[in-house]
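1. attaching a predicted model along with its sequence, questions to come.
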Amino acid sequence: QVQLVESGGGLVQAGGSLRLSCAVSGRSFSNYAMGWFRQAPGKEREFVATISWSGGSTAYADSVKGRFTISRDNAKNMVYLQMNSLNAEDTAVYYCGARRAGWGGSYYPDYDYWGQGTQVTVSS
């Protein structure tokens, strides 16, 4: 069993930055591709970023490309999302997901495990 716990959310002004963290417990963390998704009130869960099990490949939604950076530390079982130049449209609950595969992709039903989410609110 794999458990994920997100942290680092909060209230930030537009133009500011936040760094989300996802702590992953369980064995074989390096066998999982990881992803970040977000869900705003009344909207579907949407893809934000994904990283391969080795950390060598990443992909981003167009809306966050150039502003957000996903990374992982396999020695610490951690995944991070550095978010810069935040705007009001980034307000959402952010979820960390794990997929037992080399690549996670942008389709959230493909992910096997999820955290409880962390709220990010950007004030304009």
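-> Yep, that arrived.
2. count of residues packed around N87?
-> Look at N87: counted by other Cβ atoms under 10 Å, it has 13 neighbours. Just so you know, the C-beta spots here come from the backbone N, C-alpha and C atoms, and that holds for glycine as well.
3. against S124, how distant is the spatially most central residue of the chain?
-> Note on the chain: the residue nearest the mean C-alpha position is W36, at 2.3 Å, using Cα atoms, centre = their mean. Distance, W36 to S124, by Cβ to Cβ, to the nearest Å: 22 Å.
4. same check on V64?
-> Per Cβ to Cβ, V64 is found 17 Å from S124.
5. who has more neighbours, these two?
-> V64 (22 against 9).
6. so that one: helix, strand or coil?
-> coil (DSSP: H, G, I helix; E, B strand; the rest coil).
7. count the neighbours of the closest residue to it other than its chain neighbours for me.
-> With sequence-adjacent residues excluded and distances taken as Cβ to Cβ, 6 or more residues apart in numbering, V64 is closest to V48, at 5.8 Å. Look at V48: counted by other Cβ under 10 Å, it has 24 neighbours.
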